[in-house]
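> sequence and predicted model, in that order:
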Amino acid sequence: MKLEGKVWRYGDNIDTDVIIPARYLNSFDPAELATHCMEDIDTSFAKNVKAGDIMVGGRNFGCGSSREHAPVAIKAAGIPVIIAANFARIFYRNGINIGLPLLEIGSDVEKIKADDTLRVDASTGTIENLSTGDVFRAHPLPGFVQDIARAGGLINYIKEKK
Amino acid sequence: MGMNMTEKILAKHAGLESVRPGQLITCKLDMVLANDVTAPPSIKEFEKIGRPVFDRTKIALVPDHFTPNKDIKTAELTKTVRDFARKYDIVHYFEIGRVGIEHVILLEKGIVAPGMLTIGADSHTCTYGAVNGFSTGVGTTDLAVALATGEAWFKVPETIKVQLTGKKPGNINGKDVILTLIGMIGVDGALYKALEFAGEGVAELSMTDRFTISNMAIEAGGKNGIFPFDEKTKAYVEGRVTKAYEAVEPDVDAAYCRTVEINLSELRPVVAFPHLPGNTKRVEDIGEIRIDQVVIGSCTNGRIEDLEIAASIIKGHKIHPQVRCIVIPGSQQVYLEAMKEGLLEIFITAGAAVSTPTCGPCLGGYMGILGAGERCVSTTNRNFRGRMGHVDSEVYLAGPHVAAASAVLGKIATPEEVG
């Protein structure tokens, strides 16, 4: 899966409460959640994000609540892949389970700035920063997790196995 | 090489002799939990799989986050859960009037037990490590698959040993221990890792202290936070857990990726500043910080011992005129005991509000939302930006002792300052 898009850059410890505040959790409609995504730290995101843009965070991205509404809101906003130094555990599972690739690149993430353009091959984990010429390689996913990603998420994976 | 407690529970539930950190395994689940926020999307995903539930006795559905229903959309969510529970005759479904906060009632009613493996679509599912179980939070899709298959995949985590030493002073409780630990290792200090508590200091901690500590393992990024089984655990589960259980203990040659020591005798009452649970400071060092609201409750500190601590400090005093103090017992049982012990009278005559059990304000649901610029001292577990309301409000996390003292004095305070 090859992707190319503009970067929305966020910092360390982006928690699921700012990704989608609990006041909107009385709905789980992806399109509705997307309209409030990131609004407590970035009111411009939901208004200006374009399908194919790429979200980049720092350390411990997605910490806090187990709400799958968080990666669902980001995906529904049009983001096809998230890159971070590393991800909080539950958010990481949730991303894989809904078929949203999450790439961990450690401190290399500091070489990606807001509005850079990235080209990402989610299956190999290769990330090219077209704005700077840097190339990064994400930590590879375990084979079984790649199978879930290929199936488009855990539900499809389980149905295929049945 | 031996195994630690987390590895032993995971190995047993994977049907393996032993497991090692990094290994990917599939485990059989003893209990699968969801609430009114997470069950409805899980049910929708579950229906795509096209199978019945794996075992109606091993599923717990606890509508606690926005209940009693805060609005029409919430009423629809809880109705989805109720209809599902009736359709599959789910044994552990709790209706309003009998419901409490999930991580309070599953322990209180003996639904979770030592050695058990539980997953829940709620990040604070890690609370059950306090009774020597393995439990961890998952999202909607993992939960949906678990409802259908009774299984989940795990990567065996590395384990950090938290060595507790020394005597615990009387004015210190579990919240001081866990906030101090998160302050030491950071909010990602245990990322992808297990926390295992050990040492002679464990015996110093009440079960309520341990519930608070295991509950907030996730706030250090932890997968779980497990305590050894001892006389206190045994006394707690006796009369609650009716089925056979098998407690685990670490092998003498078990492996740990890191050891962190906390000397309980050196602890002081602490508070975590906005907007991270690891921004821990000693209350005596912070100067005067005026507050608008205090919340005493939640899956972290909503048990009877927490209310007893708070009432012992508030008794004979009034809530500060500029403070709204909201007390939320964690379950109907806690509520009833608080009534019988006269705690509710202490809170109400002091000028505090007492609510029916709910997660409510902890996640900014309802029952105590903050406006712009307002500050709250809360016994809950997260102080992220906007967590309890307006994006420009502030949450300071503390134990019931500091929360109660702050409610009386109108500023963040230690119990000693109340006198």
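Sure, I can see it. The structure displayed is predicted, hence computed values, not measured ones.
> how does chain B divide into domains?
What automatic domain parsing lists as the domains of chain B is B:5-263, B:270-418.
> now the shortest one: mean pLDDT?
The one in question is domain B:270-418. Domain B:270-418 shows a mean pLDDT of 98 in the predicted model.
> over to the first one?
The predicted model assigns domain B:5-263 a mean pLDDT of 98.
> just how off-centre is that domain within its chain?
Per C-alpha atoms, centre = their mean, to the nearest Å, the displacement of domain B:5-263 from the mean C-alpha position of its chain is 9 Å.
> for it, measure first residue to last.
Using C-alpha to C-alpha, to the nearest Å, the end-to-end distance of domain B:5-263 comes to 22 Å.
> residues in contact with the residue sitting nearest the centre point of chain A?
Taking C-alpha atoms, centre = their mean, the centroid of chain A lies closest to A:Ile82, which sits 2.8 Å from it. Applying C-beta atoms under 8 Å, 6 or more residues apart in numbering or on different chains, one finds that A:Ile82 lies in contact with A:54-57, A:61, A:71, A:74, A:95, A:100-103. C-beta here means a position set from N, CA and C on the backbone, and glycine is covered the same way.
> is the least confident helix or strand in chain A by mean pLDDT in proximity to chain B?
When each helix and strand of chain A is scored by mean pLDDT, DSSP states H and E, helix A:143-151 comes last, with a mean of 84. Yes. Helix A:143-151 is in contact with chain B by C-beta under 8 Å from any C-beta of the partner chain, via A:Phe144.
> helices along the chain, start to end?
Picked chain A for this. Under the criterion DSSP state H, chain A carries helices at the ranges A:16-19, A:30-34, A:43-48, A:69-76, A:89-97, A:143-151, A:154-161.
> not quite, go with chain B.
B:5-14, B:39-49, B:72-87, B:102-108, B:140-149, B:174-185, B:207-215, B:231-237, B:298-301, B:304-314, B:332-340, B:343-350, B:400-409, B:415-418.
> could I get these as a markdown table with distance to chain A?
As requested, the helices of chain B are exported to a markdown table (distance: least, C-beta to the nearest C-beta, whole Å):
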| stretch | distance to chain A |
| --- | --- |
| helix B:5-14 | 14 |
| helix B:39-49 | 4 |
| helix B:72-87 | 4 |
| helix B:102-108 | 12 |
| helix B:140-149 | 4 |
| helix B:174-185 | 12 |
| helix B:207-215 | 13 |
| helix B:231-237 | 26 |
| helix B:298-301 | 12 |
| helix B:304-314 | 22 |
| helix B:332-340 | 23 |
| helix B:343-350 | 26 |
| helix B:400-409 | 21 |
| helix B:415-418 | 29 |
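> so which of the ones you listed is nearest B:Phe273?
helix B:174-185 (10.1 Å; C-beta to C-beta).
> next, the buried residues of the closest one.
B:174-183, B:185 (16 or more other C-beta atoms under 10 Å in any protein chain shown).
> quick one: residues in contact with it.
Residues outside helix B:174-185 that contact it (C-beta under 8 Å, 6+ apart): B:160, B:162, B:164, B:189, B:205-206, B:208-213, B:215-217, B:219-220, B:260, B:262, B:264, B:267-272, B:277-281, B:300-301, B:379, B:397-400, B:402.
> that older thread, would CSV of the domains of chain B with distance to A:Met38 be doable?
Shown next, in CSV, are those (distance: least, C-beta to C-beta, whole Å):
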stretch, distance to A:Met38
domain B:5-263, 19
domain B:270-418, 11
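> buried subset of the contacts of helix B:174-185?
Buried among these (16+ other C-beta under 10 Å): B:160, B:162, B:164, B:189, B:205, B:208-213, B:215-217, B:219-220, B:260, B:262, B:264, B:267, B:269-272, B:277-281, B:300-301, B:379, B:397-400, B:402.
> who touches B:Ile96 in this structure?
Per C-beta under 8 Å, 6+ apart, neighbours of B:Ile96: B:63, B:67-68.
> who wins on neighbours among those?
B:Pro63 (29 neighbours; other C-beta atoms under 10 Å in any protein chain shown).
> returning to that earlier point: wait, which of the contacts of A:Ile82 is closest to chain B?
Minimum distance to chain B across those is 7.9 Å, recorded for A:Pro71 (C-beta to the nearest C-beta).
> run through the bridge partners of the residue nearest to the centre of chain A.
Counting by DSSP bridges, A:Ile82 is bridged to A:Met55, A:Leu102.
> how about the residues of the stretch 251-400 of chain B near chain A?
Residues of the stretch 251-400 of chain B lying near chain A (C-beta under 8 Å from any C-beta): B:276, B:363-365, B:382, B:384-387, B:391.
> kindly supply the ChimeraX command isolating those of those that are buried.
Per 16+ other C-beta under 10 Å, the buried members of those correspond to this ChimeraX selection:
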select /B:276,363,364,365,382,384,385,386,387
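> and the furthest pair within the residues of the stretch 251-400 of chain B next to chain A?
B:Leu276 and B:Gly365, at 21.0 Å, using C-beta to C-beta across those.
> excluding chain neighbours, what is closest to B:Val294?
Closest residue to B:Val294 apart from its sequence neighbours, by C-beta to C-beta, 6 or more residues apart in numbering or on different chains: B:Ala407 at 4.0 Å.
> thought the one you found was touching B:Ile326?
No. The criterion here is C-beta atoms under 8 Å, and B:Ala407 misses it with B:Ile326 at 9.4 Å.
> these two: who's more crowded?
Legend: neighbour count by other C-beta under 10 Å for B:Ala407 and B:Ile326, higher for B:Ala407 (32 against 21).
> ok, that one to B:Phe154 distance?
42 Å (C-beta to C-beta, to the nearest Å).
> check A:Thr124 too.
Distance from A:Thr124 to B:Phe154, by C-beta to C-beta: 26 Å.
> repeat that for B:Gly360.
Applying C-beta to C-beta, one obtains 32 Å for the distance of B:Gly360 from B:Phe154.
> more neighbours: those two, which one.
Ranked by neighbour count (other C-beta under 10 Å), B:Gly360 and B:Phe154 place B:Gly360 first, with 28 against 22.
> what's the single longest strand in the chain?
In the absence of a named chain, this looks at chain A. With secondary structure taken from DSSP state E, chain A has its longest strand at strand A:2-9.
> oops, wrong one, chain B.
strand B:158-165.
> could you tell me which ranges of chain A sit under the pLDDT cut-off?
For chain A, applying pLDDT under 70 flags the ranges A:162.
> change it to 80
By pLDDT under 80, the weakly predicted segments of chain A are A:1, A:140-142, A:161-162.
> residues in it within reach of chain B, list them.
So far as C-beta under 8 Å from any C-beta goes, chain A lies against chain B at A:13, A:15, A:17-18, A:21-23, A:25-28, A:40-41, A:59-60, A:63-69, A:71, A:86, A:88-90, A:93-94, A:97-98, A:142, A:144, A:153-155, A:158-159.
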